[in-house]
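Colleague: The sequence and its predicted three-dimensional model are supplied below.
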Amino acid sequence: MSQKNGKLFFIIAGEPSGDLHGAKLMKALKNNYENCKFIGHGGDQMKNAGLDIIYHTDQLAIMGITEVIKELPFMLNVMGETLGKIRKLKPDRIILIDYPGFNLRLAKNIFGLGIPVTYFILPQLWAWKKRRIKYFHKYIHQSISIFPFEKEWFENRGVSVGYFGHPFSEMINSIDAKSAFYKRQSLDDNDEILTLLPGSRQHEVDKHWPIFVKVIEKILIINPKLKIIVGQAPGVNIPQHRNIIVESKDVQSAIASSKAALVSSGTVTLECAVLDTPIVVCYKLSFISNFILSLLNKSKYISIVNIILNKKVVNELIQSKMSLNNILESLVPLLSKSEKRKKMLFEFEKVRRLLGFPGAYDRIAKNIIEDL
């Protein structure tokens, strides 16, 4: 039931990136509306921001066709329990964050309850599954995008979309945070750092780690003084290796301190661009998942940096192209003052300008509140 002096939000994020955005949106809503209450699905960051968690992102973050099929009975149970909670609580607003496979079906299933739905961080319909636009026509009350090009795409198809800037526009790596990171990992300013980001889900790490190990061993022959930092996402296990330093507390500082990074495709590619760290993007799926997705995907690129600029700025090494030689050929020049590095950093500046001014979460929260 709705709170007497505030509003009850049922909020759902099914992945680590959604957890980050969800937590910051929750804080912005609290700053603009007293006594907000939150219940739903999310991760540690949303929990720390005040979410009464039903299911954790560690349980919900599933990627790939075959992987989803394996977990289908569990996800059907999550859907049923979520519907039951919403019927019982009758929240004032439901906020769905990305995670379209689950969230769009939920929006359809709860439509008859008359509870308005805000969709924050829209699914990439411009890349694949364009027919899902019908869900927005029928079931979504308020749509909020974080990419400038998405607004035009959706509105050309009859969906009104709010764009208030990208949340990463306010991403800053403070001197204090960097100093704490260096002290914690026994580093100094003279150290050259390469950061590896193998994925935010365990099955991604499992797929990527064997080739990442080969990269570590080969690149240390090329540059023995290089420090290798591996960013560890919440709930993910990184196998031990004698030549790596695992960083889980402040991966952002690791990225910001790095000469370059090798990253699994995802939100982190944009984070690296904002923090001015050159990258090579890679990704592997199961054979069946990749085959099906290659038939459905209509986008030329998988990296959001390339998608935003609509051209190839960072190398994308997908499936069989994710080989040791290809990675080294793309990565080694980024560790020196090469022309390739200079061009990439120049393009990253364009990306930052396109993301707009800081304060996006606050503007988004105010827009949601005005719509209550």
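Modeller: Here it is on my side, so go on. These numbers were taken from a predicted model, which means no experiment stands behind them.
Colleague: shaky segments in the stretch 251-372 of the chain?
Modeller: 286-299 (pLDDT under 70).
Colleague: Show me where it has its strands.
Modeller: Along the stretch 251-372 of the chain, counting by DSSP state E, counting those that start in this stretch, strands occupy 260-264, 279-283, 316-318.
Colleague: can I see the domain layout of this structure?
Modeller: Taking automatic domain parsing as the criterion, the chain consists of the domains 8-165+357-370, 175-354.
Colleague: Endpoints of the longest one, how far apart?
Modeller: Using CA to CA, to the nearest Å, the end-to-end distance of domain 175-354 comes out at 25 Å.
Colleague: quick one: the helices in the stretch 251-372 of the chain?
Modeller: If DSSP state H, counting those that start in this stretch is used as the criterion, the helices of the stretch 251-372 of the chain fall at 251-256, 267-274, 287-296, 304-309, 324-331, 339-354, 360-370.
Colleague: next one: the stretch 1-150 of the chain
Modeller: Under DSSP H, counting those that start in this stretch, the stretch 1-150 of the chain gives helices at 16-32, 44-48, 57-60, 65-70, 72-89, 100-109, 133-138, 148-155.
Colleague: which of those is buried the deepest?
Modeller: helix 16-32 (a mean of 23; mean count of other CB atoms under 10 Å). In this view, the C-beta of every residue, glycine as well, is placed from N, C-alpha and C.
Colleague: quick one: contacts of it?
Modeller: Under the contact criterion CB atoms under 8 Å, 6 or more residues apart in numbering, helix 16-32 has outside partners 9, 11, 13, 36, 38, 42-46, 48-51, 57, 61, 95, 97-99, 120-121, 146, 167, 200-201, 233-234, 266-267, 361-362, 364-366, 368-369.
Colleague: Pull out the buried members of these.
Modeller: 9, 11, 13, 36, 38, 42-46, 49, 51, 57, 61, 95, 97-99, 120-121, 146, 167, 200-201, 233, 266-267, 361-362, 364-366, 368 (16 or more other CB atoms under 10 Å).
Colleague: just to revisit the earlier point, of all the helices of the stretch 251-372 of the chain, which lies closest to residue 225?
Modeller: helix 324-331 (16.0 Å; CB to CB).
Colleague: who's in contact with the closest residue to residue 34 other than its chain neighbours?
Modeller: Distance criterion CB to CB, 6 or more residues apart in numbering; nearest residue to residue 34, sequence neighbours excluded, is residue 6 at 6.0 Å. Counting by CB under 8 Å, 6+ apart, residue 6 touches 33-37.
Colleague: Give me the contact list for the longest helix belonging to the chain.
Modeller: Counting residues, the longest helix in the chain under DSSP state H turns out to be helix 202-222. The list of residues contacting helix 202-222 from outside it, by CB under 8 Å, 6+ apart, reads 63-64, 67, 194, 196, 198-199, 226, 228, 230, 235-239, 241, 243-244, 262, 264, 282-285, 322-324, 327-328, 331-332.
Colleague: now do stretch 322-329
Modeller: Here stretch 322-329 has contacts from 208, 211, 214-215, 218-219, 222, 262, 280, 282-284, 317, using CB under 8 Å, 6+ apart.
Colleague: Please, a ChimeraX command that selects the buried ones among the residues you listed?
Modeller: Burial among these is assessed by 16+ other CB under 10 Å; the matching ChimeraX selection reads:
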select :208,211,215,219,262,280,282,283,284,317
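Colleague: for stretch 160-167, what is the average pLDDT?
Modeller: Taken as a whole, stretch 160-167 has an average pLDDT of 94.
Colleague: Please disregard the earlier target; I meant stretch 123-134.
Modeller: 87.
Colleague: Show only the entries of the contacts of residue 6 found in strands.
Modeller: residue 37 (DSSP state E).
Colleague: which one in the contacts of residue 6 is the model shakiest on?
Modeller: residue 34 (83).
Colleague: can you count the residues close to that residue?
Modeller: Other residues near residue 34 number 10, with proximity taken as other CB atoms under 10 Å.
Colleague: that older thread, tell me the angle the longest helix of the chain makes with strand 279-283.
Modeller: 140 degrees (axes from the mean of the first three to the mean of the last three CA atoms, to 10 degrees).
Colleague: Report the backbone C-alpha coordinates of helix 202-222 in PDB.
Modeller: C-alpha atoms of helix 202-222 as PDB (Å, rounded to 0.1, in the frame of the first residue of the first chain):
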ATOM      1  CA  GLN A 202      30.300 -15.200 -14.100                       C
ATOM      2  CA  HIS A 203      29.500 -16.900 -17.400                       C
ATOM      3  CA  GLU A 204      31.200 -14.000 -19.200                       C
ATOM      4  CA  VAL A 205      34.300 -14.300 -17.100                       C
ATOM      5  CA  ASP A 206      34.300 -18.100 -17.700                       C
ATOM      6  CA  LYS A 207      34.200 -17.600 -21.400                       C
ATOM      7  CA  HIS A 208      36.800 -14.800 -21.600                       C
ATOM      8  CA  TRP A 209      39.300 -15.700 -18.900                       C
ATOM      9  CA  PRO A 210      41.300 -18.400 -20.800                       C
ATOM     10  CA  ILE A 211      42.200 -15.900 -23.600                       C
ATOM     11  CA  PHE A 212      42.700 -13.100 -21.000                       C
ATOM     12  CA  VAL A 213      45.400 -15.300 -19.300                       C
ATOM     13  CA  LYS A 214      47.200 -15.700 -22.600                       C
ATOM     14  CA  VAL A 215      47.100 -11.900 -23.100                       C
ATOM     15  CA  ILE A 216      48.500 -11.400 -19.600                       C
ATOM     16  CA  GLU A 217      51.400 -13.800 -20.100                       C
ATOM     17  CA  LYS A 218      52.300 -12.500 -23.600                       C
ATOM     18  CA  ILE A 219      52.000  -8.800 -22.900                       C
ATOM     19  CA  LEU A 220      54.300  -9.100 -19.800                       C
ATOM     20  CA  ILE A 221      56.900 -10.500 -22.100                       C
ATOM     21  CA  ILE A 222      56.500  -7.400 -24.300                       C
END
